[in-house]
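Asker: test case, fold it:
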Amino acid sequence: MAQQNIFDNEIFFDGYKKIRENKVNANNLFEIPALFSMLPDLEGKRVLDLGCGFGEHCKMFVDLGATRVLGIDISSKMLEIAKAENSDAKISYMNMPMEDIRHLNESFDVVVSSLAFHYVEDFAGVVKAIYSLLDANGIFVFSQEHPFVTCHSSGDRWTRDESGKKKYLNLSNYGIEGEREATWFVDNVKVYHRTFSNIISTLIETGFSIEQMIEPLPTEELLETHPEYQDLLHKPDFLLLKTKKGS
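Answerer: Model (predicted):
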């Protein structure tokens, strides 16, 4: 099975990079704070970052005390920037699809993944590989696009009033799992929809216990300065889970 590597598409990569360079974005306002709030104490820990992208998180893990960080990404373009801008003696980067991590010959205390799993078809296989790489009582924290986002297959996501303001979300095909094709900078970007129950059951059946779940929402204070995020009260963009491997 060939893994999707949309981030090495020049148009997609340039568009994504411009979004991330703008500090006012949903990742910085919602997803990243929630992700880091879930992390355990990283002092002295070995951390695996799946879908590490530009490597900013890898550098932050070292700053938080991690003694070994391995960042894995399928995109060589991403890793070029990671090595140039976020290198450290304690960080190694590897060009590898996360579906292949079962071949890694080391173990970790913490596995983290930020907004990568919705690009992965074999979620169960990757979760099993993560479980085998973690030491006893190891922590696995990840974020992904919210299932209310990934289920979208066609038409307008929103019903709007006469002025164009979003009134409510149009939710369809939530119960039909599998591949979706989205347009984001380019056509035919593949994402994979899974229901909440599938995600949670896969984790539990693999042996993980669910420690925490966050669907980040805007506060009243944030909406005063960024009213454009009002629609997240209808539909969170992200789902984050903190899980623990049994002893």
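
Asker: who are the neighbours in contact with the residue located most distally from the centre of the chain?
Answerer: Distance from the C-alpha centroid of the chain peaks at residue 162, with 34.9 Å (CA atoms, centre = their mean). By CB atoms under 8 Å, 6 or more residues apart in numbering, the contact set of residue 162 is empty. C-beta: built from backbone N, CA, C; applies to glycine.

Asker: reduced to three states, what does it come out as?
Answerer: Under DSSP: H, G, I helix; E, B strand; the rest coil, the three-state class of residue 162 is coil.

Asker: sheet partners, orientation included, of the strand ranked longest in the chain?
Answerer: Counting by DSSP state E, the longest strand found in the chain is strand 134-145. Strand 134-145 sits in its sheet next to strand 108-114 (parallel), strand 238-245 (antiparallel), going by DSSP bridges.

Asker: could you export the ones you listed as CSV, including mean neighbour count?
Answerer: Shown next, in CSV, are these (neighbours: other CB atoms under 10 Å):
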stretch, mean neighbour count
strand 108-114, 23
strand 238-245, 22
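
Asker: could you dump those to a markdown table with distance to residue 145?
Answerer: Formatted as a markdown table, these follow (distance: least, CB to CB, whole Å):
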| stretch | distance to residue 145 |
| --- | --- |
| strand 108-114 | 11 |
| strand 238-245 | 7 |
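
Asker: got JSON lines for these, with mean pLDDT too?
Answerer: Formatted as JSON lines, those follow (pLDDT from 0 to 100):
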{"stretch": "strand 108-114", "mean pLDDT": "98"}
{"stretch": "strand 238-245", "mean pLDDT": "98"}
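
Asker: among these, which comes closest to residue 205?
Answerer: Between residue 205 and the strands paired with strand 134-145, the tightest spacing by CB to CB is seen for strand 238-245, at 12.1 Å.

Asker: convert the C-alpha atoms of the closest one to PDB, please.
Answerer: C-alpha atoms of strand 238-245 as PDB (Å, rounded to 0.1, in the frame of the first residue of the first chain):
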ATOM      1  CA  PHE A 238      -9.600  19.000  16.600                       C
ATOM      2  CA  LEU A 239      -9.900  15.900  18.800                       C
ATOM      3  CA  LEU A 240      -7.000  15.200  21.200                       C
ATOM      4  CA  LEU A 241      -6.500  12.000  23.300                       C
ATOM      5  CA  LYS A 242      -4.100  11.100  26.100                       C
ATOM      6  CA  THR A 243      -3.700   7.400  26.700                       C
ATOM      7  CA  LYS A 244      -1.500   5.100  28.800                       C
ATOM      8  CA  LYS A 245       0.000   1.700  28.200                       C
END
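
Asker: start the count at 40, not 1, going forward
Answerer: Sure, I'll start counting at 40 from here, so that last one is strand 277-284.

Asker: right, and the helix or strand after the helix or strand bottoming out on mean pLDDT in the chain?
Answerer: The weakest-scoring helix or strand in the chain, judged by mean pLDDT, DSSP states H and E, is helix 49-60 (a mean of 59). Proceeding N to C from helix 49-60, the next assigned helix or strand is helix 65, under DSSP states H and E.

Asker: packing partners for the next helix or strand after that following helix?
Answerer: Next in sequence after helix 65, counting helices and strands by DSSP H and E, comes helix 71-77. Counting contacts by 3 or more CB pairs under 8 Å, 6 or more residues apart in numbering; DSSP states H and E, helix 71-77 packs against strand 147-153, strand 173-184, strand 247-253, strand 277-284.

Asker: got the contact list for the residue nearest the centre of the chain?
Answerer: Centroid check for the chain by CA atoms, centre = their mean gives residue 154 as the closest residue, at 1.6 Å. Each residue near residue 154 by CB under 8 Å, 6+ apart is listed here: 66, 70, 90, 182-184, 277.

Asker: so which of these is the closest to residue 271?
Answerer: Of all these, residue 271 sits closest to residue 277, with 9.2 Å by CB to CB.

Asker: for the chain, which spans come out with low pLDDT?
Answerer: Flagging of the chain using pLDDT under 70 yields the residue ranges 40-63, 222-227, 286.

Asker: many thanks, we can stop here.
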